[in-house]
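S.K.: Please find the sequence and the predicted model below.
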Amino acid sequence: MAGHNEPFRYMAVQQKVLDMIEAGTLSPGDKIPSLRRMSAAMRVSLSTVNQAYVLLEEQGIIQAKPKSGYFVSPERPSLAPCIKQHAPPTPPTPVTRGEMIRMVLREVGRTDNLPLGVANANDELLPIHQMTRIMGKILRENPIQATSYAPIQGWPELRSAVARHIMDSGTACTPDDIIITSGALEALNIGLRAVTRPGDNVLIQSPTYYCFLQLLEHLGLRAIEIPSCPTCGVCPSDVEKALTKFDITAAIFTPNYNNPDGGLTPDDAKSAVVRIMAERGVPLLEDEIYGDLHFTDDRPRSFKSFDETGNVLSCSSFSKSICPGYRIGWIIPGKRYSKCLELKATINVSSASPSQLAVAGYLHSGQHVRHLRRLRAALSKQMTTMSEHIYRYFPKNTKLTRPQGGVVLWVELDQSIDSIEFFRKAAEYNIGVAPGVVFSTHDQYNNFIRLSFGYPWSDAMADGIATLGKLATEMQSA
């Protein structure tokens, strides 16, 4: 199978440049090796090096200067704070992060603190007034439908709207392929229950969203971790190695802007992962919730868009882009449709009718496209502003990611700082953060924190980042 990994040599070139910057071999403003020199040094083609350099430029790590070559970006480099790509997969591990995760989840819904630990766009950026008007109209004009049970798979008008919406991700499906759920987490719950039994091994990327770990724990499943890279997401060769070494029943990946490290798996790597999983007959669940929040011109494709066998179970929702409280999500289960529909019926019969009809009305109104354009622009600006303030107030050895979408920054503090202690001290100042330790089954992110840039910038935000920077400085000095 070695031949399968040939197209992904550009990832090794990317990592080589990142390693040189991290080691201090290359400093901000320095010229990096030319295409020909890097090609000769790493024994890869010029096109492979060019592909790696283009991706590094898109991530803001290097800059191209006409007729001069490529240079390290002059601002403080945002290096990928992650375990090195191609680290061996971890052995199957029982998930025991429940209490710490519950501690972090207590921050959700609070209004008396600065919620930098909640990965969501703030209400000010969401179409609340439009949704309120549409909901009122539905309750006046369709009271019987709005107060009746929806079909188990969801109202047809919403499934039709979702099918049109996800075409932007390259996914072609019919309304009958979709099951509406109460948020993306219920979709993942249904998908996992459809393909696993207690004691099974599930492949995840590391770091990963802590609610995935909580879900695995509740279902009695064990986790096998492979590294997630903030610059290139999941590597197909790592997936292949894990499948060869362990008995794996299913996998959960977030291909677009992984929470918490913001990793974006390139489209050709997505295609390879889908193919590898299908060849082994291992179901692939994808969390596609952040794909709409891209800062680049083109929306990244989903795993599902490469699925030719029905092996991918694609899960998503509108919680990050329209209305978190409406709890409208969906699953496209492929060949596991019947089992997932059966499980949905046993959980809550069907999702709430008023929310389904209101979101369908909003999508059919045509306002969603314009809203997403404004939302993406706002989030991109907020990310840049927050990054600048972290550079200004945090210790000089702090590192952070530079995601191309999503709502979170993954921040690496000095190794002397414990993220749980940092979480507790920040709470004393009424500031919420997410400690890195809850994003893995292993103690390998103890000095990391996740910060959300989903809230419009304000004096309170600036003061909060300054306070966190001061706290990090004090803890590092101590």
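M.R.: Yep, that arrived.

S.K.: Quick check: end-to-end length of stretch 300-313?
M.R.: Using Cα to Cα, to the nearest Å, the end-to-end distance of stretch 300-313 comes to 17 Å.

S.K.: Contacts for it, please.
M.R.: Under the contact criterion Cβ atoms under 8 Å, 6 or more residues apart in numbering, stretch 300-313 has outside partners 166, 169-173, 191, 194-195, 253, 255-256, 264, 267, 270-271, 273-275, 277-278, 281-286, 288, 291, 294, 314, 331-336, 340, 405. All C-beta atoms are positioned from the backbone trio N, CA, C, and that covers glycine.

S.K.: can you tell me which of those are in helices?
M.R.: Mapping the contacts of stretch 300-313 onto helices (DSSP state H) picks out Gly191, Ala194, Val195, Asp267, Lys270, Ser271, Val273, Val274, Arg275, Met277, Ala278, Cys340.

S.K.: now the residue nearest to the first one when sequence neighbours are not counted: how far from Thr93?
M.R.: If the residues on either side of it in the chain are set aside, Gly191 comes closest to Leu313, at 4.2 Å by Cβ to Cβ, 6 or more residues apart in numbering. Plainly put, Leu313 is 23 Å away from Thr93 if you go by Cβ to Cβ, to the nearest Å.

S.K.: The two - which one has more neighbours?
M.R.: Counted by other Cβ atoms under 10 Å, Leu313 and Thr93 do not tie: Leu313 has more neighbours, with 29 against 15.

S.K.: ok so, going back, out of the ones in helices among the contacts of stretch 300-313, the closest to Met103 would be?
M.R.: Closest approach between these and Met103, by Cβ to Cβ: Gly191, at 26.7 Å.

S.K.: mind checking pLDDT for the closest one?
M.R.: pLDDT recorded at Gly191 is 98.

S.K.: What of the one 10 residues further on?
M.R.: pLDDT, the model's per-residue confidence, is 97 for Asn201.

S.K.: which ones are touching it?
M.R.: Pro92, Leu221, Arg222, Ala223, Ile224, Phe246, Asp247, Ile248, Thr249.

S.K.: Checking Val202 next. Helix, strand or coil?
M.R.: Following DSSP: H, G, I helix; E, B strand; the rest coil, Val202 is assigned to strand.

S.K.: same check, this time on Val438
M.R.: Going by three-state DSSP: Val438 is helix.

S.K.: if I pick the residue nearest to it when sequence neighbours are not counted, what's in contact with it?
M.R.: Distances taken as Cβ to Cβ, 6+ apart put Tyr210 closest to Val438, at 4.2 Å, once the chain neighbours are dropped. Listed by Cβ under 8 Å, 6+ apart, the contact partners of Tyr210 are Arg97, Ile101, Val104, Ala434, Val438, Phe439.

S.K.: And the furthest pair within these?
M.R.: Largest separation among the contacts of Tyr210 by Cβ to Cβ: Arg97 and Ala434, giving 12.3 Å.

S.K.: who's more crowded, the two?
M.R.: Higher neighbour count among Arg97 and Ala434: Ala434, with 27 against 19, using other Cβ under 10 Å.

S.K.: Quick check, the more buried one in contact with Arg450.
M.R.: Yes - using Cβ atoms under 8 Å, Ala434 is in contact with Arg450, at 4.1 Å.

S.K.: Return every residue with contacts to both of those two.
M.R.: Taking Cβ under 8 Å, 6+ apart as the criterion, Ala434 and Arg450 both touch Gly117, Ala119, Pro260.

S.K.: CSV for these, including distance to Ile465, secondary structure and pLDDT?
M.R.: As requested, those are exported to CSV (distance: Cβ to Cβ, whole Å; DSSP: H, G, I helix; E, B strand; the rest coil; pLDDT from 0 to 100):
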residue, distance to Ile465, secondary structure, pLDDT
Gly117, 13, coil, 89
Ala119, 17, coil, 89
Pro260, 17, coil, 95
